[in-house]
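> no FASTA, just this:
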């Protein structure tokens, strides 16, 4: 045994005190048995409370980890949707620009068609005016010829008499 500093005269080592307590508890007196039963019961209760508290703590920890996992997954899903929306917006802008260019080309085509139709209409109007003037001249010629014819007929009927 290793010798240490001097100890008081009534000192007992921890090992000796534990053995004495065990001997006292192992005694056959009813008080010692009640104490031993009480200690065993308290030890079991403490284990039961410890296991219940451990279960509750573990449950809370699992709930917290589950919530954190769900939050991380939700963030990832939102990030993916934002990425898809930015791609979708870019595609939509490209489609709108393409449709706008197509509409502008169609507008120019229609404008040139309208101009050519206007020119043709103007030509047809001038042709119609020319035809009207020719018809008017023919009408004048016909009326002049009718007058001459009636004069000639009038002269010939006057001569016959």
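Structure's in. What do you need? Keep in mind the model is a prediction, meaning the values are calculated, not measured. Numbering: from 1, shown residues only.
> Might you list the low-confidence residue ranges for this structure?
1-4, 11-28, 160-161 (pLDDT under 70).
> residue boundaries of the helices in it?
Remark: helices assigned in the chain by DSSP state H are 14-25, 30-160.
> Turn those helices into TSV, including distance to residue 5 and mean neighbour count.
Where you see a C-beta, it was placed from the backbone N, CA and C, and this is true even at glycine. Below are the helices of the chain laid out as TSV (distance: least, C-beta to C-beta, whole Å; neighbours: other C-beta atoms under 10 Å):
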stretch	distance to residue 5	mean neighbour count
helix 14-25	16	11
helix 30-160	34	10
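> any chance of these in TSV, with distance to residue 6 too?
Formatted as TSV, these follow (distance: least, C-beta to C-beta, whole Å):
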stretch	distance to residue 6
helix 14-25	17
helix 30-160	34
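> out of those, which comes closest to residue 7?
helix 14-25 (12.1 Å; C-beta to C-beta).
> which stretch among the helices of the chain comes nearest residue 8?
Closest among these, using C-beta to C-beta: helix 14-25, at 14.1 Å.
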